[in-house]
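A.B. asks: can't give you the sequence, but here's the structure:
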């Protein structure tokens, strides 16, 4: 089995999930905090319905490997009970990125991998 070099990962994705009826405001408040604290990130649009492999509404934050050591603790402390999936954007294997190599904060959600199989 080949060992992946984590330092070769150019970018990471954080998917921040929310319930439009109960936690959308929390999610948007966190989105604003991230934009302020980490202006070098790219923050995607807010999806009020599930998109792609994601089973719940969410938005995405893309950040560089150089920010990894700051972003993970920041999200852990400021997630306000929200579920967050963090994964590498590098292996070329979307299934592994979203499952085997996934880092979860909060509940582990069932990612819909069928689109990649």
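C.D. replies: Yes, it's here. These numbers were taken from a predicted model, which means no experiment stands behind them.
A.B. asks: where does residue 101 land in three-state SS?
C.D. replies: At residue 101 the chain is in coil, as set by DSSP: H, G, I helix; E, B strand; the rest coil.
A.B. asks: Next: residue 86.
C.D. replies: strand.
A.B. asks: ok, what's across the strand from it?
C.D. replies: residue 14, residue 103 (DSSP bridges).
A.B. asks: and it, how far is that from residue 54?
C.D. replies: Distance, residue 86 to residue 54, by C-beta to C-beta, to the nearest Å: 13 Å. No exception for glycine: its C-beta is placed from N, CA and C like everyone else's.
A.B. asks: Other residues contacting the lowest-mean-pLDDT helix or strand in the chain?
C.D. replies: Among the helical and strand segments of the chain, the one scoring lowest on mean pLDDT, DSSP states H and E is helix 94-98, with a mean of 88. Contact partners of helix 94-98, identified using C-beta atoms under 8 Å, 6 or more residues apart in numbering, comprise 53, 85, 87-91, 111, 113, 116-117.
A.B. asks: Can you name the residues that contact the residue nearest in space to the middle of the chain?
C.D. replies: Taking C-alpha atoms, centre = their mean, the centroid of the chain lies closest to residue 14, which sits 1.7 Å from it. Counting by C-beta under 8 Å, 6+ apart, residue 14 touches 60-61, 63, 71, 75, 84-86.
A.B. asks: Likewise for residue 26?
C.D. replies: Contacts of residue 26 (C-beta under 8 Å, 6+ apart): 18, 80-82.
A.B. asks: Might you list the low-confidence residue ranges for this protein?
C.D. replies: 1-3, 91 (pLDDT under 70).
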